[in-house]
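[1] Sharing a sequence plus its predicted fold:
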Amino acid sequence: MDSLALPTCEPLIRFCGVALTLGGRRILDPIALDIGRGEFVCVVGPSGCGKTTLLRLIAGLYLPTEGQVLYGGKPVAGPRQDIAIVFQDYGKALLPWRTASGNVSLALEALGTPRAQRPARIAALLAKVGLAQHADKFPGQLSGGMQQRLQIARCLAQEPSVLLMDEPFGALDAMTRQALQDEVLGLAASSGATVFFVTHDLEEAIYLGDRVVALKPNPGRVADMFEVRLPRPRDQLATREHPEFLRLRRTLFDFIKEAEA
Amino acid sequence: MSASRILWFAASILVGLCLVAIWQLAADARLVSPVFLPGPDKAWAALERGIASGELLDKLLGTVGRMVWGWLLASLLGIGVGALIGISPAARAWLGPTLEFLRPLPASAIVPVAIAFLGLSEGMVLAVIGFGALWPMLLATVHGFAAVEPRLYEVSRALGLSRWEVIGKIALPNALPDIFAGLRLGLTVALILAVVGEMLASREGLGLWILLSARAFRAPDLFAGVILLGLVGFASALLLSAVERRALRWRLPPG
Amino acid sequence: MSGWRGLVVPLGVLAAAEVAALAAGLQSDSLARPSEIAAAAGVALVDGTILRATVQTLAAAGAGLAIGTSLGLALGILLGLFRTAGRLAEFSIEAFRPIPSVALIPIVLLIFGFGYRMEIAIVAFATFWPILILTQTAIAGIEPRLLEVSRALGFGLGRRVAKIVLPAALPRLFVAFRLAVGIALIVAVTVEITGNTLGLGYALMDAQQSLRPALMFALLLWVGLVGWGLNALLLWAQARLFGPAAMVEARP
């Protein structure tokens, strides 16, 4: 059993004293953070605390000015295809001139998937996010929730080991939001992907995460971390009424209020 | 097209026919000397005569050929060079101000220069058309390539698209609406310059036909030529916008 | 900051042309050294020929523009306000608009002969259509609530147009006007090149025909400069009238 347990000790993503200065402004103070394989980590904090910056560092869209971000033990030098990003502004992140199928296809084209295999893969991916009926529609013809589902489908096409989500549901209404939360949980569980989820919604963070990382602003740094010991699979009613959920919500709420004061 | 839209359009055609009728009445009443304004019946007869004899058709083909060739030449060059400049911020910094200076230059002002180099030849007319139609195309393409949503560049980096894939799959489709705007403007310019070139260099075409008809005081022939030129402009714009609607389907409102 | 880089290319081309022409010992009826062009420009500016031609061109373009714009504006407002009339006129406008303005040169020549009147008529025709169509769409694009307000206030047509319609559509009308100014200049120069014996276009043709390439290129550059200057002036005015710059200027 020891041999099986070993790989989980080695974190998939490791921040070693990572700091970032952009244009003379200190964005992040040195940060140490380990994320295990298959873990669902949520990041919360007041605006300007560097949540998104942290995500972009993992993605390789930013490179640290100090320290290193290690991925699988090697420093991140730039974007890689097994790390997928779901942006908040789905309207800007989708190609408006391609249909839903075409947008998913873009990821397959980037991976070099043979043309003959693409249609079946696209159909399967769209079905997985519930867009099978809308394959031939353009993003402009889809609702916000459907567009975000489409972006998730495109990310899944990369068969990512890590899914980075940058406030993905921030612009959606409450009902759509809850439905998508459960879908993301399902997709993460079935694919075994590691998820790094940035949000400003504390309840969302607790509901989804194995762990919640709380950041403090000016400059951004890790203030605290909370293990979420809630049973899985989670349930919109039962989980949100669980005493542990309420306790964590209280703790985080107080924490954020203090940080913003 | 909805039924009410068709009805409105039919009504507006009726209004157009009424205008033609008023024109006929005015000509019949000799409100304006027939030397300047022949009735629509006379213009129509001249048009029929010219087409039946094949003469007007030849001129039409001459003008359309010139316009299309010059326009195609300008389009290929404009889109190609525009893409190269638009995709590179450095090229934009070096060449942008020069292009901005040349943009408002009246294209016909280079006619004398073209005559000095190429004489009153077919090549001169083509060069002027090509030059005039080049700018709208070039500048629209530069703009389209430069105005890519930054988020899409991040998406392509995250997906690991190659540089050529980014150009072909992101930048080019993104520039397409601008390119079509350039194509439309270029087409208008090409027709105008084809007519001017024909008049100046005495090349067979509708422009020269109109000029010669005016000199011989054959007003009906002149009007026939003007009507045909209007039709050329109308038909080419219609054709282009049909292609555009097809290519830019995704821009249509939802539904 | 990046301004200097934009100057490198044109200056480099001029310098290269100068050097190449000197090295080749250029003697031509169609080409001239940049220094000769500059000299010709200097002479023509000092003796007033360029300025006289410029005034002629701008006068004809301006008069045509004034006529075309006022007619286009008036009809555009009517067709934009009264949707029924606008829809009924659709076909006639679409049928007339594509006629290239230069095709009318021979007809107008028959009527007016050479001179200002003929040039003004063509410029007026050429600017009328874009102004008409853009005005119509600008008026149709006004927030309907504003028109309801003006009706509720009991304004008559004249006051409705003056107090609500024109101010609301003004930014878009100005853009249309800027486009029309460009067209007016282009058409004026084109008419002059095609044979009207006045203005910059005629001066250009004359320089070519009398085999004075230096003057011809000097005039070409000048025409470019005039076009660029007009455009820059209008852009500045637009930013000042409607842009955020107006807010900054509002300080005491």
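    Perfect, thanks for sending it. Numbering: from 1, shown residues only, chains lettered A, B, ... in the order given.

[2] show me where pLDDT drops low in the chain?
    No chain specified, so I'll use chain A. Counting by pLDDT under 70, chain A contains low-confidence ranges at A:1-9, A:261.

[3] My question was about chain B, not that one.
    Residues of chain B that meet the criterion pLDDT under 70 lie in B:1, B:252-255.

[4] Now do the domain split for it, please.
    B:1-31, B:38-251 (automatic domain parsing).

[5] ranking those by burial, who's on top?
    Stretch with highest mean neighbour count among these: domain B:38-251 (a mean of 20; mean count of other Cβ atoms under 10 Å in any protein chain shown). Where C-beta positions appear, they are placed from N, C-alpha and C, glycine not excepted.

[6] Could you tell me the end-to-end distance of that one?
    Chord length of domain B:38-251, first to last residue, is 45 Å (Cα to Cα, to the nearest Å).

[7] mind putting the domains of chain B in JSON lines, distance to residue C:4 included?
    Conversion of the domains of chain B to JSON lines gives the following (distance: least, Cβ to Cβ, whole Å):
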{"stretch": "domain B:1-31", "distance to residue C:4": "54"}
{"stretch": "domain B:38-251", "distance to residue C:4": "10"}
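
[8] The ones you listed: which one's closest to chain C?
    domain B:38-251 (2.9 Å; Cβ to the nearest Cβ).

[9] how about the closest one against chain A, any contact?
    Yes: under the criterion of Cβ under 8 Å from any Cβ of the partner chain, chain A is reached by domain B:38-251 at B:149, B:151-152, B:154-161, B:165, B:169-170, B:173-174, B:176, B:248-251.

[10] For burial, what's the neighbour tally of residue A:22?
    A count of neighbours around residue A:22, defined by other Cβ atoms under 10 Å in any protein chain shown, yields 11.

[11] and it, bridged to which residues?
    Taking DSSP bridges as the rule, residue A:22 bridges to residue A:25.

[12] next structured bit after the helix or strand containing residue A:163?
    With secondary structure defined by DSSP states H and E, residue A:163 is part of strand A:162-166. Heading C-terminal from strand A:162-166, the first helix or strand you meet, by DSSP H and E, is helix A:174-191.

[13] So is the next helix or strand after that next one next to chain B?
    Of the helices and strands lying after helix A:174-191 in sequence (DSSP H and E), the nearest is strand A:194-198. No: applying Cβ under 8 Å from any Cβ, one finds strand A:194-198 separated from chain B by no less than 13.4 Å.

[14] What of stretch C:128-143?
    No: for stretch C:128-143 and chain B, the contact criterion (Cβ under 8 Å from any Cβ) is not met; the two come no nearer than 10.4 Å.

[15] What are the buried residues along that stretch?
    The neighbour-count check on stretch C:128-143 (16 or more other Cβ atoms under 10 Å in any protein chain shown) flags C:128, C:129, C:130, C:131, C:132, C:133, C:134, C:135, C:136, C:138, C:139, C:142 as buried.

[16] Isn't the first one up against residue C:72?
    Yes: taking Cβ atoms under 8 Å as the contact criterion, residue C:128 and residue C:72 are neighbours in contact, 4.6 Å apart.

[17] Write down the beta-bridge partners of the spatially most central residue of chain A, one by one.
    In chain A, the C-alpha nearest the mean C-alpha coordinate belongs to residue A:165, at 2.6 Å (Cα atoms, centre = their mean). In this structure, residue A:165 bridges to residue A:86, residue A:197 when assessed by DSSP bridges.

[18] can you pull the contacts of it?
    Applying Cβ atoms under 8 Å, 6 or more residues apart in numbering or on different chains, one finds that residue A:165 lies in contact with A:85, A:86, A:184, A:195, A:196, A:197, A:198.

[19] if we go to 7 Å?
    Contact criterion Cβ atoms under 7 Å, 6 or more residues apart in numbering or on different chains gives A:86, A:195, A:197, A:198 as the residues in contact with residue A:165.

[20] What is the burial count for the last one?
    Residue A:198 sits with 26 neighbouring residues when counted by other Cβ under 10 Å.

[21] where along the stretch 51-200 of chain C do the helices fall?
    Counting by DSSP state H, counting those that start in this stretch, residue ranges of the helices within the stretch 51-200 of chain C are C:83-96, C:105-112, C:116-140, C:144-152, C:157-160, C:166-193, C:199-209.

[22] Which among these is found nearest to residue A:67?
    Taking Cβ to Cβ as the criterion, helix C:166-193 is the member of those that comes nearest to residue A:67, at 50.8 Å.

[23] Tell me which residue in the stretch 151-261 of chain A sits closest to chain C.
    Closest approach of the stretch 151-261 of chain A to chain C (Cβ to the nearest Cβ) occurs at residue A:171, with a separation of 25.9 Å.

[24] I'd say that residue and residue A:91 touch.
    No: at 8.6 Å, residue A:171 and residue A:91 do not qualify as touching, with contact defined as Cβ atoms under 7 Å.

[25] For residue C:28, pull up the helix or strand it's in.
    Assigned by DSSP H and E, residue C:28 belongs to no helix or strand.

[26] Check the one 3 residues further on too.
    If you go by DSSP H and E, residue C:31 is not part of any helix or strand.

[27] quick one, phi/psi of the residue of the stretch 151-261 of chain A closest to chain C?
    In this entry, residue A:171 is assigned phi and psi values of phi -100, psi 10 (degrees, to the nearest 10).

[28] Check the gap between it and residue A:232 for me.
    Between residue A:171 and residue A:232 the distance, using Cβ to Cβ, to the nearest Å, works out to 27 Å.

[29] One more: residue B:19?
    76 Å.

[30] Repeat that for residue C:113.
    According to Cβ to Cβ, residue C:113 stands 92 Å off from residue A:232.

[31] cool, residue B:85 as well?
    Applying Cβ to Cβ, the value for residue B:85 to residue A:232 is 54 Å.

[32] For the stretch 101-250 of chain B, which residues are neighbours of chain C?
    Taking Cβ under 7 Å from any Cβ of the partner chain as the measure of proximity, the stretch 101-250 of chain B contacts chain C at B:101-102, B:104-106, B:108-113, B:115-117, B:191-192, B:195-196, B:199-200, B:210-211, B:214, B:222, B:226, B:229-230, B:233-234, B:237.

[33] now, which of those residues lie within helices?
    With helices defined by DSSP state H, the entries of those inside them are B:101-102, B:111-113, B:115-117, B:191-192, B:195-196, B:199-200, B:210-211, B:214, B:222, B:226, B:229-230, B:233-234, B:237.

[34] Not counting its neighbours along the chain, what's nearest residue B:136?
    residue B:185 (3.9 Å; Cβ to Cβ, 6 or more residues apart in numbering or on different chains).

[35] which SS class is that neighbour?
    In terms of secondary structure, residue B:185 is helix; the call rests on DSSP: H, G, I helix; E, B strand; the rest coil.

[36] how about the strands of chain A, start to end?
    Under the criterion DSSP state E, chain A carries strands at the ranges A:13-22, A:25-35, A:40-44, A:66-71, A:74-75, A:83-86, A:162-166, A:194-198, A:211-216, A:221-227.
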